[in-house]
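In: fold the stuff below for me.
(chains A and B)
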Amino acid sequence: DQQVKQNSPSLSVQEGRISILNCDYTNSMFDYFLWYKKYPAEGPTFLISISSIKDKNEDGRFTVFLNKSAKHLSLHIVPSQPGDSAVYFCAASGRAGGTSYGKLTFGQGTILTVHP
Amino acid sequence: KAGVTQTPRYLIKTRGQQVTLSCSPISGHRSVSWYQQTPGQGLQFLFEYFSETQRNKGNFPGRFSGRQFSNSRSEMNVSTLELGDSALYLCASSPDSWGTDTQYFGPGTRLTVL
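Out: Numbering: from 1, shown residues only, chains lettered A, B, ... in the order given. Model prediction:
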């Protein structure tokens, strides 16, 4: 039962253009969503997050959009740079306690390649 | 502030052995979570500790265990290693008491079981 899904295994974008990474979730108890960037053999690096009470959050070149009715979130990177090439994971958490404590549920990741 | 640190970074063991991995969270963070990353299963939650208590556990066999010390440092132990335990083991710490807010990850320990 995959509660967080990233349906695109890979995405290729030209430098300077927009990168859009998508994520879908099924568990309606999730109320906090995060995006992480990861290089091989390293730990994930936190990029940006959004609470379920918002539908948009911006931080520099990164914007996350949340559509609760569709259970869908997306990460926009504008403009894309070659240094953005990495694996991007979306993750979700709930705050109901119990089986939610300390648990992030991750998607399978999307490999982003930004070409110069 | 220093980030999350994990030791050792690389480890090679043989089947049947046991292993202990260590994690030091960001100063002031009391929640520590552990994850296993494999190519087939992705990032899977192992367990979470807060104030020396395990509050949550993922769907892993009892061979996987952990503990947390009074200074919030945490260890995880895997006994009777199997080939399928080869993975990147990640530790993450969080500043909030739920442990479900933003988690900051360490570099991981790459475990290879031969």
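In: which residues sit in contact with the one residue in chain A that gets nearest to chain B?
Out: Using C-beta to the nearest C-beta, the closest approach of chain A to chain B is made by A:Gly102 at 2.5 Å. Every residue, glycine included, has its C-beta placed from N, CA and C. The neighbours of A:Gly102, taking C-beta atoms under 8 Å, 6 or more residues apart in numbering or on different chains as the test, are B:31-33, B:45, B:47-50, B:55-56, B:94, B:98-100, B:103.
In: ok, and which of those reach chain A?
Out: Counting by C-beta under 8 Å from any C-beta of the partner chain, B:31-33, B:45, B:47-50, B:55-56, B:94, B:98-100, B:103 from those sit close to chain A.
In: residues from chain B in reach of chain A?
Out: By the rule C-beta under 8 Å from any C-beta, the part of chain B lying against chain A is B:4, B:6, B:31-33, B:35, B:42-43, B:45, B:47-50, B:55-56, B:58, B:88, B:90, B:92, B:94, B:98-108, B:110.
In: what strand or helix carries the closest residue to chain A within chain B?
Out: Sorted by distance to chain A under C-beta to the nearest C-beta, the residues of chain B start with B:Glu48, at 2.5 Å. B:Glu48 belongs to strand B:42-50 when assigned by DSSP states H and E.
In: which residues does that strand contact?
Out: Strand B:42-50 has contacts (C-beta under 8 Å, 6+ apart) with A:44, A:89, A:91, A:101-109, B:30-38, B:54-60, B:64, B:66-68, B:74, B:76, B:89-90, B:97, B:99.
In: which of those residues fall within strands?
Out: A:89, A:91, A:105-106, B:31-38, B:54-57, B:64, B:66-68, B:74, B:76, B:89-90 (DSSP state E).
In: emit the ChimeraX select command for whichever of the residues you listed are buried.
Out: Per 16 or more other C-beta atoms under 10 Å in any protein chain shown, the buried members of the ones in strands among the contacts of strand B:42-50 correspond to this ChimeraX selection:
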select /A:89,91,105,106 /B:31,32,33,34,35,36,37,55,56,57,64,66,68,74,76,89,90
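In: just the buried residues of the residues of chain B next to chain A.
Out: Buried members of the residues of chain B next to chain A, scored by 16+ other C-beta under 10 Å, are B:4, B:6, B:31-33, B:35, B:42-43, B:45, B:47-50, B:55-56, B:58, B:88, B:90, B:92, B:94, B:98-108, B:110.
In: re the thing from before, would you give the sheet partners of the strand holding B:Glu48, along with the direction of each?
Out: With DSSP bridges as the test, strand B:42-50 is paired with strand B:31-38 (antiparallel), strand B:53-57 (antiparallel).
In: so which of those is nearest A:Ser49?
Out: A:Ser49 lies closest to strand B:31-38 among the strands paired with strand B:42-50, at 15.7 Å (C-beta to C-beta).
In: and the residue minimising distance to the centre of chain B, what is it in contact with?
Out: Here the mean C-alpha position of chain B is nearest to the C-alpha of B:Trp34 (C-alpha atoms, centre = their mean), at a distance of 3.3 Å. Each residue near B:Trp34 by C-beta under 8 Å, 6+ apart is listed here: B:23, B:45-48, B:66, B:74, B:76, B:89-92.
In: which of these sits closest to A:Ala70?
Out: Among the contacts of B:Trp34, and counting by C-beta to C-beta, the member closest to A:Ala70 is B:Phe45, at 25.2 Å.
In: quick check: the residue nearest to that closest one when sequence neighbours are not counted vs A:Thr105, distance?
Out: Nearest non-adjacent residue to B:Phe45, counting by C-beta to C-beta, 6 or more residues apart in numbering or on different chains: B:Gly58, 4.1 Å away. From B:Gly58 across to A:Thr105, the span is 10 Å (C-beta to C-beta, to the nearest Å).
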